[in-house]
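Novice: I'd like to go over a predicted model; first the sequence, then the structure.
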There are 2 protein chains.
Amino acid sequence: MNSIQKKKIVIVGGGFAGVNLANKLANHDAFDIVIVDKNNYNFFPPLLYQVATGYLETSNISYPFRKLFRGKHNIMFRMGELLEVMPDQKKLLLSTGEVDYDYLVFATGCITNYFGIRSVQQNAIPMKTIADALSMRNTLLERLERASRETDPVKRKKLLTIVIAGGGPTGVEISGMFAEMKKNIIAKDYPELKGSKGEIYLVDGVKSLLAPMSEKSQQYTHKMLTEMGVKIKLNSMVKDFTNDTVYFADGTTIEAKSLIWAAGVTAIVFNGLPDEVYGRGKRMIVDAFNKVIGLPDVYAIGDTCLQTTDPGFPQGHPQVAQVAIQQGQNLGKNLVNELAGKTLNPFRYHDKGSMAIIGRNKAVADLPKPKLFFSGFLAWVMWLFIHLLSLINYRNRLKTLYNWSTAYFTQDQALRFIVRPASKKA
Amino acid sequence: MNSIQKKKIVIVGGGFAGVNLANKLANHDAFDIVIVDKNNYNFFPPLLYQVATGYLETSNISYPFRKLFRGKHNIMFRMGELLEVMPDQKKLLLSTGEVDYDYLVFATGCITNYFGIRSVQQNAIPMKTIADALSMRNTLLERLERASRETDPVKRKKLLTIVIAGGGPTGVEISGMFAEMKKNIIAKDYPELKGSKGEIYLVDGVKSLLAPMSEKSQQYTHKMLTEMGVKIKLNSMVKDFTNDTVYFADGTTIEAKSLIWAAGVTAIVFNGLPDEVYGRGKRMIVDAFNKVIGLPDVYAIGDTCLQTTDPGFPQGHPQVAQVAIQQGQNLGKNLVNELAGKTLNPFRYHDKGSMAIIGRNKAVADLPKPKLFFSGFLAWVMWLFIHLLSLINYRNRLKTLYNWSTAYFTQDQALRFIVRPASKKA
């Protein structure tokens, strides 16, 4: 390879995987990097639910790409949605024009999976993007206002009942937060609702919450949420959501105006790629070096890829932030190594453990090596510390810490603005 | 009047006037207060332009009504838009149901006045509400992205040219901010735009900027903005805005994609009120005690009323925050006095002066008594101090101070997120 000839690497998607890859190659003269994203900002999905519930601001968990890559002279940002891939011409069609590439990297993550249930797609509230989170905040606040005006107790109960589908970290975190808000805020700020009924349900199709975590974590979480007043319904698949009623496969129902859908994700199928590249969950099948099988100079990293070459993970890796970060970094190193004629490193995932927050002073954490389980206040402090450290820059950290401290000491959240900016033609 | 019989006061509009009235009557056992507003939050309009330009967050200048009135047991919040007044039945029809009243207070402020120019209403960007500000932020950021992809220099120049109509404080503040952003941020974060053309125009139909302020303020502002690169076009009425072209009454044109409309406001005409209540600018004509003429038990305060009984202001008061605040407080005192059989105070406006910020270290301030003029750094510090003090609560102040300090020292703004939450049925 001629090191004077610059290589143009187009990374589609500026999440954990894409940003970590770009940063590895920053200011490296052999590469011109273009980051393509449909949003103009990177964001931190693990804290999305706090934006949705009004504890954090968008800016606490987001950072504009152009600011992020300022001073990294070989990284360009291009806003746009990927419409079609033309691998033969080494070209992409975006919603905002065409881009050619020498190397293409898919870091496109996942989108909400409604499992083909149309009524859920139409009526439920998703929880995957910043726009989703703000839409959820708006919608739930408006429904609270409606409930405060409603005089029919049956209708009022429906307006105040929230079903959260999906017992993963997002579902656990949201239901715990709602339980605390119900106790601390709604009672204070909605005197009209005094004595009203209304429940928080957390439902899942499998037999336990936080399925991939340890049994101890699952049991602790189940016990804490139940004590906080969350009704947990397991082994229950949602099959329909119409007329303010959630229908389950086993014939049971829950009457509720709001269904929050955190039940599953799917990778994205792009126009122009052969069917053979997609494996389970529409994830692109990659080799040990994250090359997409059968497509020269095309890579996939993070949630959107399926890699079964890692001895510890023969079924592929979990779709979590740490895998995306490590794959982005590993691919960056490999691209540099390849250029220097050095050997490439097959990807190996180093599991740093997993955790979930349940509420004030309550969390669970599983560490793999040594195998340890933490719960309660200690796990909660660990959770806060790690998430604060992971935020992408100093400004966000300080402001997030401020918002969290305020919320902790006052047991209150402040960001309760129903705002829907009108769309103007760009 | 029987003081045991509680009086129900419905205040429509939770801006400066409405909130100050409600606070005067808070926890007063003789009154039940209902604040009606179409938003669920109060906000601070003087800093709206900083939300629009990405220096402040919505939460820095807003506060939820329910939190604001927490612990004030006689104040209820009712979200809804006023659709019709039925003065004979002492009842209101809101978008969210009916409300009856003993006393009705209009504190409904003003809306953007497009002076009947349909193309401006359709294509220009207004600057009156929080949703307007976020829509402006989104739209201008998207247009910057578009410009960065545009290869045709003529189209690119259009995308980068912004015309601000209205030389009042809002127009001055926005154009000054754009001039600074152009210098400090766009050059750094949009390397694609290096060497591109694009102008910031501030236009007005009258012969000077900041028309109601002193001549010294006007001249200083004109000089500073010009030095900062803003092109000022006076005596020029916008008459049309189509095909990315602003047409003026004198036959001149400016090619620009973005027209920001801060050129005028109008009060609102409500269904159910006789035509005779409306005076100049659709403002409701009130007596010295803010009673709407000809309508028993109906009051109007703030921007929405026209009061010509104040000896210092025979043409009515300026539509500014201080008048609204003082009228709200005066009406509150009068309602209490009336109940106690005391004499009522006719409203007298105490002008505390006016100011406008032009940019970093640059502002103007006119004080009435003693008649003084300040400019430059001192006026700028005064402006910051007064606006910080005026923010409605401590949390907002601290966060605003933090955002301002960061922006000042880094000469940068951070809140550059294009977010458009989808609308879900409430």
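Specialist: Great, that's in hand.
Novice: can I assume residue A:47 sits in a helix?
Specialist: Yes. Note on residue A:47: a helix contains this position according to DSSP: H, G, I helix; E, B strand; the rest coil.
Novice: I figured it hits residue A:56, correct?
Specialist: Yes. Under the criterion of Cβ atoms under 8 Å, residue A:47 lies in contact with residue A:56, with a separation of 6.1 Å. C-beta here means a position set from N, CA and C on the backbone, and glycine is covered the same way.
Novice: who touches both of those two?
Specialist: The contact sets of residue A:47 and residue A:56 overlap at residue A:400 (Cβ atoms under 8 Å, 6 or more residues apart in numbering or on different chains).
Novice: mind jotting down where the helices sit in the stretch 201-350 of chain A?
Specialist: Counting by DSSP state H, counting those that start in this stretch, residue ranges of the helices within the stretch 201-350 of chain A are A:215-227, A:321-339.
Novice: hey, which of those helices is tucked in deepest?
Specialist: helix A:321-339 (a mean of 21; mean count of other Cβ atoms under 10 Å in any protein chain shown).
Novice: the stretch 101-250 of chain A against chain B: which residues are in contact?
Specialist: Along the stretch 101-250 of chain A, the residues adjacent to chain B under the rule Cβ under 8 Å from any Cβ of the partner chain are A:125, A:130-132, A:134-135, A:138-139, A:141-143, A:145-146, A:149, A:188-192.
Novice: before we move on, the earlier item: so can I have a markdown table of the helices of the stretch 201-350 of chain A showing mean pLDDT and distance to residue B:253?
Specialist: Converted to a markdown table, the helices of the stretch 201-350 of chain A look like this (pLDDT from 0 to 100; distance: least, Cβ to Cβ, whole Å):
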| stretch | mean pLDDT | distance to residue B:253 |
| --- | --- | --- |
| helix A:215-227 | 97 | 64 |
| helix A:321-339 | 96 | 50 |
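Novice: okay if I get these as CSV plus distance to residue B:417?
Specialist: CSV is the format used below for the helices of the stretch 201-350 of chain A (distance: least, Cβ to Cβ, whole Å):
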stretch, distance to residue B:417
helix A:215-227, 32
helix A:321-339, 20
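Novice: report how many residues lie close to residue A:267.
Specialist: Other residues lying near residue A:267 total 25 when counted by other Cβ atoms under 10 Å in any protein chain shown.
Novice: same check on residue A:252?
Specialist: Counted by other Cβ under 10 Å, the residues lying close to residue A:252 total 11.
Novice: can you check the one 5 residues further on too?
Specialist: Under the neighbour criterion other Cβ under 10 Å, residue A:257 is assigned a count of 23.
Novice: OK, now which residue of the stretch 151-300 of chain A is nearest to chain B?
Specialist: Nearest residue of the stretch 151-300 of chain A to chain B: residue A:189, at 3.9 Å (Cβ to the nearest Cβ).
Novice: tell me which element residue A:180 is part of?
Specialist: Counting by DSSP states H and E, the secondary-structure element that holds residue A:180 is helix A:169-181.
Novice: could you check the helix or strand just after that helix and say which residues are buried?
Specialist: Toward the C-terminal end, the helix or strand that comes next after helix A:169-181 (DSSP H and E) is helix A:187-189. Burial within helix A:187-189, assessed by neighbour count using 16 or more other Cβ atoms under 10 Å in any protein chain shown, is assigned to residue A:189.
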